[in-house]
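J.: Prediction below, plus the sequence it came from.
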Amino acid sequence: MALESMSPRAWPGRSVSAQPASSSFCRSSAQNAVWSIPKARMKRSRPHNVYLSTQMVDILIALKTCAGNSKYLLPSRYDADAPMSRATFNRVTTAIADRAKAQGLPLEPFTVHDLRRTASTLLHEMGFNSDWIEKCLAHEERSSRGVYNKAEFEMQRRHMAQQWSDAVEAWEQGRSFSPVLAPPETGAPRFSPAFSALT
């Protein structure tokens with residue numbers, strides 16, 4: 001599946017320049033609000049989960065509707081059995097920058113990969129936990145801390161993804177947005193007595 005869909009509401013998964021076009025639609029992924037990327041498609045050969053907000057799921061369903069019978073969310077214009085090319089994404093970002101310049105807006109030329117940096121920067125400025133952000137970007141810490149800490153932060157990342165989408169939606173509408181930095185306490189994980197006994 002493809003989380004990015006090139007919408008700013010979408011979440012920075014592994015590589016927005018490559019994953020969306022060549023990704024296939026999976027109904028169970030939409031139902032569970034998670035895009036699971038197999039290790040074979042990841043840079044460090046580790047599987048990665050991208051947790052989706054309600055807006056992201058809506059975008060993916062819309063993309064699949066537009067893609068018709070293609071197995072890809074973003075198929076090639078001329079061949080439904082092939083994914084959209086990376087060059088197409090580059091042309092889109094160039095067109096956006098050109099339009100902004102023509103309207104006198106302060107937007108520098110950017111690449112698709114820059115969207116990851118933008119999201120990371122804004123989420124840090126909002127005050128979200130760096131570990132959650134880095135995990136969303138599939139960045140693995142190489143220190144001893146990274147060796148021992150294998151936390152997925154699923155609940156926290158789901159919450160942060162929803163806050164990100166809500167924030168962008170508010171900005172699109174010209175509204176301010178105050179993020180809630182921590183998930184509701186009712187969503188805290190529950191550990192079994194057997195697990196507790198081992199710690």
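T.: That came in fine, so what should we check first? Please read all numbers here as calculations on a predicted model, not as lab measurements.

J.: Can you list the buried residues in the biggest helix by length in the chain?
T.: Taking DSSP state H as the criterion, the chain has its longest helix at helix 154-172. Neighbour-count burial for helix 154-172, counted by 16 or more other Cβ atoms under 10 Å, picks out 156-168. Heads up, the C-betas are built off the backbone N, CA and C, glycines and all.

J.: Among those residues, which pair sits farthest apart?
T.: Gln156 and Val168 (18.8 Å; Cβ to Cβ).

J.: Distance-wise, check the closest residue to Tyr51 other than its chain neighbours relative to Ser53.
T.: Once flanking residues are discounted, Tyr51 sits nearest to Arg158: 4.3 Å by Cβ to Cβ, 6 or more residues apart in numbering. Distance from Arg158 to Ser53, counting by Cβ to Cβ, to the nearest Å: 8 Å.

J.: Identify the contacts common to these two.
T.: Here Arg158 and Ser53 have Ala33 as joint contacts, going by Cβ atoms under 8 Å, 6 or more residues apart in numbering.

J.: Tell me who's in contact with Val180.
T.: By Cβ under 8 Å, 6+ apart, Val180 lies in contact with His159, Gln163.

J.: try 7 Å
T.: Contacts for Val180 (Cβ atoms under 7 Å, 6 or more residues apart in numbering) come out as Gln163.

J.: Repeat that for Phe110.
T.: Contacts of Phe110 by Cβ under 7 Å, 6+ apart are Thr93, Ala97.
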